[in-house]
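Peer 1: using only what follows, build the 3D model:
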Amino acid sequence: MTIRQALLNARDLFRHQGLETPFLDAVVLLSACTGMDKTKILSSYDEELSREAEDCFHEAVHRRLSGLPVSYILRRKEFFGLSFYVDERVLVPRPETEILVEEALRILKEDPSIRRIHDVCTGSGCIPISLAAHLPKAIPAREVEISASDLSEDSLEVFRINCFRILGYALPHTVSNLLTSVEGPFDMITANPPYIETSEVNRMAASGWPEPRLALDGGEDGMRLIEPLIEQALERLSENGYLLLEGADSQAEAIQQRLYSQGYKSVKVLHDLSGRKRVVVGRKG
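Peer 2: Model prediction:
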């Protein structure tokens, strides 16, 4: 079978399944099975696949058709220029969350008082590990302590894998229900907590969605964890400390109001590349 035949066959199967990016998925999976980059794949249509590559691709296509995301099949996901290990124990990092990391780095450059950062509901660790990996270039003359926590011990195992793969050491981390087992004070707290409404998570689960419910379900209105997190963060932030929260577009106004009502100041909303309200930032006042 040629590369062209393999790609078109997979594309048609994925398209029939209703996948959003059928040809791209096929190219990425075939690239992983052949060891060829995407450019080489697309310029080698007439080359014959080896039996080993063909078998690998057939298995990968079958797993994609079963509902597994490409990231789970490949056991990796690119985020903020880094390659993270992911599996069914953690949420797959989304490009939208890079907005939070960008804002955290911007604040760090502007505010030299920030020395301690904690990430809540860390999952794969994409937020704190990305910060730790980029801080030496962003602010080379300053040491910043970064830690993380998550309710799931399974996700913290994935977090440790990514720490050693990307940083070469493990960031301080602990099992905690939000911030209940975490001591401050911190100058910045970041969080991408579960914020999808339970009814939507139920629909996703019924369709075979493979990501862990614990990382998705934010309760009836999606705010079940966000509201107590705002209160807990206030107790653990240093004066003028920052809270950076990711949430849904529909929740942004409610998060803003909650921050103001709890005494936060300088509250602002950041939009993702699709124009949706994605990250809300507030300072302890």
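Peer 1: helix or strand next in line after the host helix or strand of Thr39, which one?
Peer 2: Using DSSP states H and E, Thr39 maps to helix 38-42. For helix 38-42, the succeeding helix or strand toward the C-terminus, using DSSP H and E, is helix 51-65.
Peer 1: any buried residues in that following helix, and which?
Peer 2: Buried residues in helix 51-65, defined by neighbour count with 16 or more other Cβ atoms under 10 Å: 53-54, 56-57, 60-61, 64. For every residue, glycine as well, the C-beta is placed using N, CA and C.
Peer 1: repeat that for stretch 147-164.
Peer 2: Buried, per 16+ other Cβ under 10 Å, within stretch 147-164: 147-152, 155-156, 158-159, 161-163.
Peer 1: got the CA positions of that stretch in CSV?
Peer 2: Extracted C-alpha coordinates of stretch 147-164, given in CSV (Å, rounded to 0.1, in the frame of the first residue of the first chain):
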residue,chain,number,x,y,z
SER,A,147,4.5,23.8,43.0
ALA,A,148,1.4,21.9,42.1
SER,A,149,-1.5,19.9,43.4
ASP,A,150,-4.3,17.6,42.3
LEU,A,151,-7.0,15.5,43.8
SER,A,152,-6.1,12.5,41.7
GLU,A,153,-3.0,10.5,42.6
ASP,A,154,-3.1,9.0,39.1
SER,A,155,-2.8,12.4,37.4
LEU,A,156,0.2,13.2,39.7
GLU,A,157,1.9,10.1,38.4
VAL,A,158,1.6,11.6,34.9
PHE,A,159,2.7,15.0,36.3
ARG,A,160,5.9,13.4,37.6
ILE,A,161,6.6,11.7,34.3
ASN,A,162,6.4,15.1,32.5
CYS,A,163,8.5,16.8,35.2
PHE,A,164,11.4,14.4,34.7
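Peer 1: and the pLDDT at Gly18?
Peer 2: pLDDT for Gly18: 93.
Peer 1: that one: how many residues sit nearby?
Peer 2: 7 (other Cβ atoms under 10 Å).
Peer 1: how much space separates it from Leu65?
Peer 2: Distance, Gly18 to Leu65, using Cβ to Cβ, to the nearest Å: 11 Å.
Peer 1: end to end, how far does stretch 206-225 reach?
Peer 2: 23 Å (Cα to Cα, to the nearest Å).
Peer 1: re earlier: for the helix holding Thr39, what is the average pLDDT?
Peer 2: 92.
Peer 1: now do the contacts for Leu65.
Peer 2: 13-14, 17 (Cβ atoms under 8 Å, 6 or more residues apart in numbering).
Peer 1: pull out the buried members of those.
Peer 2: Buried among the contacts of Leu65 by 16+ other Cβ under 10 Å: 13-14.
Peer 1: cross the contacts of Leu65 against helices and list the overlap.
Peer 2: Members of the contacts of Leu65 lying in helices (criterion: DSSP state H): 13-14, 17.
Peer 1: so can I have a markdown table of the residues you listed showing distance to Pro193?
Peer 2: Shown next, in a markdown table, are the ones in helices among the contacts of Leu65 (distance: Cβ to Cβ, whole Å):
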| residue | distance to Pro193 |
| --- | --- |
| Leu13 | 36 |
| Phe14 | 32 |
| Gln17 | 31 |
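Peer 1: just give me the neighbour total for the residue lying closest to Asp217 once chain neighbours are set aside.
Peer 2: Spatially, and ignoring its direct neighbours in sequence, Asp217 is nearest to Val201 (4.6 Å; Cβ to Cβ, 6 or more residues apart in numbering). Per other Cβ under 10 Å, the neighbour tally for Val201 reads 20.
Peer 1: Lys109 versus Val201, what's the distance?
Peer 2: 37 Å.
Peer 1: same question, Arg76
Peer 2: 29 Å.
Peer 1: follow-up on the earlier one: nearest to Glu220 among the buried residues of helix 51-65?
Peer 2: Nearest to Glu220, judged by Cβ to Cβ, of these is Arg64 at 32.5 Å.
Peer 1: any idea which strand is longest in this protein?
Peer 2: Counting by DSSP state E, the longest strand found in the chain is strand 237-246.
Peer 1: go ahead and name everything in contact with that one.
Peer 2: 96-97, 99-100, 103-104, 107, 111, 113-114, 116, 184-193, 195, 226, 229-230, 233-234, 255, 259, 264, 278-285.
Peer 1: using the record, which stretches count as separate domains in this protein?
Peer 2: What automatic domain parsing lists as the domains of the chain is 3-74, 79-284.
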